[in-house]
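Peer 1: Please work out how this folds:
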Amino acid sequence: MSLDPVLSRIDSELPQATGRLLELLRIPSISTDPAYKGKCQTAADWLVADLASIGIEASKRQTPGHPMVVGHVDGPGPHLLFYGHYDVQPVDPLELWDNDPFDPQIEETPAGKVIRGRGSSDDKGQLMTFVEACRAWKAVHGALPCRITFFFEGEEESGSPSLVPFMKENAEELKADIALICDTGLFQSRTPAIITMLRGLLGEQITITGPDKDLHSGMYGGVARNPVRVLTRILGGLHDDNGVVQVPGFYDGVPDLPADIAEQWSALDFDWQRFLGDVGLSVPAGEAGRTPLEMIWSRPTAEINGIWGGYTGDGFKTVLPSRASAKVSFRLVGQQDPHALRDSFRAWVTAQLPEDCTVDFHAHGASPASEMSTTHPAFEGARVALSEEWDTDAAYAGCGGSIPIAGYFKTYLDMDAMLVGWAKDDDQIHSLNEKYDLESFHKGIRSWARILDAVTK
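Peer 2: Residues are numbered from 1 along each chain as shown. Prediction:
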């Protein structure tokens, strides 16, 4: 099957493809807010109908939460599974958006046209690049080049509570030769990248309680235990002066970066000054002696994400608070065990409690890191295909974020995953005025067509 007419079809049909994406973006499928439960059903129905329109046998599968969408098409050669998610983040504070986040628009910017709206980059726009590549291929050749399973989730932005049970129950149906995931981006917004390393994620909420009620600081200050002071002292000791995490056993299972990978990353010429400068910073923090890219992609972290206690409203209220709380997250690498780390962190905190204080913990997820093997021939075929489309050498790269689905595919379906995406650093995903470059959408569709051609030859 020839590739050139497929690419020509993608170019000529871009307005229609963009229109379909805008339709999907208008559906406010916010998975974490129960008020939008019906809209998540609507988005799933839309995807089922769209897949059916190109001859893919698809269905909506109900779960205890939001539905999955599963589709199948037979074909020769390898069996590919494509994963994406149709749910989106909340939009609050709504008043700070320039326009209605669910009334997507094509906007002109100094850098080119963008698709503006919630979910445009994460992940509806990315999901639809693959669907549109398949649509063009089917229109030109009458059939897709191989067997493909489509697997769309509706709870990724709310912790995926139904995902693992669904994968276990439907393992035989979902298992393929390799999984394709489109939920990542271009390196420094210009270099196509295949993600081969993903950090895991562990979350903990801590609440330290001292007195059984808020106290008058004039009457009890100095003599009564202040849980805010206790909490900040403990969290202040989470790192030493060189940025090394002090939780016992934290670095168990953390590997050294292989020399060949370090050399490849060095060749990417990461502009960390610009990376930090874009957010008003100038000096790398973290572990001393590590490069910024190494810290982002291959080193574990411990971060305080939020802290509160006492009176924080307008004016002043001189209380000694009863409680103090914080949220702490850990990004994990290598063979770090999230469950062992949770136990160690809780023991470390508890051991530092003074008399008259108690602590409660609330868990928020525990996923290990993932490292993909590039020995599957699809990886090199995809790398060459991406290099041709973007006119620059594609790279195998790491990712500072966590995408648990990649590890789940390996754990529960025993298949590797290849992560490719077209998001840019300034897409403002999870934030206000989210956008997706029209170029990313267009070249993303063309890239998937090239990858389908490369892995099925």
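
Peer 1: Nearest residue to the middle of this structure?
Peer 2: Most central in the chain under C-alpha atoms, centre = their mean is I403, positioned 4.9 Å from the mean C-alpha point.

Peer 1: Could you export stretch 448-457 as PDB, CA atoms only?
Peer 2: In PDB, the C-alpha atoms belonging to stretch 448-457 read as follows (Å, rounded to 0.1, in the frame of the first residue of the first chain):
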ATOM      1  CA  TRP A 448       0.900   8.200  12.400                       C
ATOM      2  CA  ALA A 449       0.300   7.400   8.700                       C
ATOM      3  CA  ARG A 450       4.100   7.200   8.300                       C
ATOM      4  CA  ILE A 451       4.400   5.000  11.400                       C
ATOM      5  CA  LEU A 452       1.600   2.700  10.200                       C
ATOM      6  CA  ASP A 453       3.500   2.400   6.900                       C
ATOM      7  CA  ALA A 454       6.800   1.700   8.600                       C
ATOM      8  CA  VAL A 455       5.700  -0.900  11.100                       C
ATOM      9  CA  THR A 456       3.600  -2.900   8.500                       C
ATOM     10  CA  LYS A 457       6.200  -3.200   5.800                       C
END
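
Peer 1: gap between that stretch and the chain center?
Peer 2: Taking C-alpha atoms, centre = their mean, to the nearest Å, one finds stretch 448-457 lying 25 Å from the centre of the chain it belongs to.

Peer 1: coming back round to it: how close does the residue nearest to the centre of the chain get to A193?
Peer 2: I403 sits 13 Å away from A193, going by C-beta to C-beta, to the nearest Å. No exception for glycine: its C-beta is placed from N, CA and C like everyone else's.

Peer 1: shared neighbours of the two, which are they?
Peer 2: Residues touching both I403 and A193 (C-beta atoms under 8 Å, 6 or more residues apart in numbering): T184.

Peer 1: and the residue nearest to the centre of the chain, what does it touch?
Peer 2: 181, 183-184, 195, 198, 370, 419.

Peer 1: Go again with 6 Å.
Peer 2: By C-beta atoms under 6 Å, 6 or more residues apart in numbering, the contact list for I403 reads 183, 198.

Peer 1: do the one 4 residues further on as well
Peer 2: Applying C-beta under 6 Å, 6+ apart, we find G407 in contact with S370.

Peer 1: mind checking the SS state of K113?
Peer 2: The three-state assignment at K113 reads strand, by DSSP: H, G, I helix; E, B strand; the rest coil.

Peer 1: ok, for L96, nearest residue in space, not its chain neighbours?
Peer 2: Closest residue in space to L96, ignoring its immediate chain neighbours: L432 at 5.1 Å, by C-beta to C-beta, 6 or more residues apart in numbering.

Peer 1: In a helix, that neighbour, correct?
Peer 2: No. Assigned with three-state DSSP, L432 falls outside any helix and is coil.

Peer 1: quick one: it from P90, how far?
Peer 2: 11 Å.

Peer 1: And P258, by the same measure?
Peer 2: For P258, the distance to P90 - C-beta to C-beta - is 40 Å.

Peer 1: One more: E434?
Peer 2: For E434 relative to P90 (C-beta to C-beta), the value is 12 Å.

Peer 1: Looking at these two, which one has more neighbours?
Peer 2: E434 (26 against 17; other C-beta atoms under 10 Å).

Peer 1: residues contacting Y36?
Peer 2: Y36 neighbours (C-beta under 6 Å, 6+ apart): 28, 30.

Peer 1: now it, what's its secondary structure?
Peer 2: Strictly by three-state DSSP, Y36 counts as helix.

Peer 1: Model confidence score at it, please.
Peer 2: On the pLDDT scale, Y36 is placed at 98.

Peer 1: Check the gap between it and R118 for me.
Peer 2: From Y36 to R118 the distance is 11 Å (C-beta to C-beta).
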